[in-house]
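In: Structure, please.
(one chain, ligands or ions: 2)
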Amino acid sequence: MDYGQLMQEAIEARKTAYIPYSGFGVGAALLDSQGHVHRGCNVENAAYTPGNCAERTAMFRAIADGHKPGTFQAIAVVGDTEEPVAPCGVCRQVLLELCGPDMPVILGNLKGDIRQTTVRELLPYAFAPSHLEEQR
Ligand SMILES: O=c1ccn([C@H]2C[C@H](O)[C@@H](CO)O2)c(=O)[nH]1
Ligand SMILES: [Zn+2]
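Out: Ligands and ions are numbered 1, 2, ... in the order given. Reported below is the predicted structural model:
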C-alpha cells in the first residue's frame, strides 16, 4: 500500500464522520505493520469536550484491536481545507506516544494537496514517555 492509497482510505473514513456541531469532517487511515488499515473519523458530542478527532479514533481503534504502540508504519489524515489538514495538539501528543517520533504523517485535503511530515516535526521538544523514567 502506497501513501496515495492510504490517503484514499482516509478520504473514505472521512465519510463516516459524526459532525453535527462543527460540520468539519476529518478522516484518518493508520497503516499497521502487516499492511492493514485502521480507519478513523471525528466523532463529536453535544457537550463538545468529549468529541474525538479522526487521528485518535484510528489509533485507539488499532490499539483496541491488539496492535502495539510503536509498530505502525504511517498515518494519512484528510480534511476539506485550503491547505493540507493540521492535526490538533492533543493528537500530536498521542501520535508521539503510540506511533513514535519518526513515523511518517501524510496530511492532505480534498483538492489532492499532500504534505508529508513526521511526528517529530509536528511536535518538537515534546514531552515523551521516557521523561517519566528520569530520576533526580
Ligand atoms: O486534525 C484534525 C483537526 C480537527 N479535527 C476535528 C475535531 C472537531 O470534531 C472538528 C473541528 O475542530 O474537527 C480532527 O478530527 N482532526
Ligand atoms: Zn486532534
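
In: Now do the SS call for residue 59.
Out: Using DSSP: H, G, I helix; E, B strand; the rest coil, the structure places residue 59 in helix.

In: For it, which non-adjacent residue is spatially closest?
Out: residue 98 (5.0 Å; Cβ to Cβ, 6 or more residues apart in numbering). (C-beta placed from N, C-alpha, C; glycine too.)

In: again with residue 108
Out: Once its chain neighbours are removed from consideration, residue 108 has its nearest residue in residue 78; the separation is 4.5 Å (Cβ to Cβ, 6+ apart).

In: tally of neighbours for the one you found?
Out: Neighbourhood size, residue 78 [other Cβ atoms under 10 Å]: 29.

In: Ramachandran coordinates for it?
Out: The main-chain torsion angles of residue 78 are listed as degrees, to the nearest 10 and equal phi -140, psi 140.

In: who's in contact with it?
Out: In this structure, residue 78 makes contact with 7, 10-11, 14, 26-28, 85, 107-110, judged by Cβ atoms under 8 Å, 6 or more residues apart in numbering.

In: repeat that for 7 Å
Out: With contacts defined as Cβ atoms under 7 Å, 6 or more residues apart in numbering, residue 78 is in contact with 7, 10-11, 14, 26-27, 85, 108-110.

In: just to revisit the earlier point, any idea how far residue 14 is from the residue nearest to residue 59?
Out: In this structure, residue 98 and residue 14 are 21 Å apart, going by Cβ to Cβ, to the nearest Å.

In: circling back: residue 20 versus the residue nearest to residue 108, what's the distance?
Out: Going from residue 78 to residue 20 by Cβ to Cβ gives 20 Å.

In: now residue 48
Out: Computed with Cβ to Cβ, the distance linking residue 48 and residue 20 is 11 Å.

In: just to revisit the earlier point, including distance to ligand 1, could the contacts of residue 78 go into JSON lines?
Out: As requested, the contacts of residue 78 are arranged in JSON lines below (distance: Cβ to the nearest ligand atom, whole Å):
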{"residue": "7", "distance to ligand 1": "14"}
{"residue": "10", "distance to ligand 1": "11"}
{"residue": "11", "distance to ligand 1": "14"}
{"residue": "14", "distance to ligand 1": "9"}
{"residue": "26", "distance to ligand 1": "4"}
{"residue": "27", "distance to ligand 1": "8"}
{"residue": "85", "distance to ligand 1": "5"}
{"residue": "108", "distance to ligand 1": "11"}
{"residue": "109", "distance to ligand 1": "11"}
{"residue": "110", "distance to ligand 1": "14"}
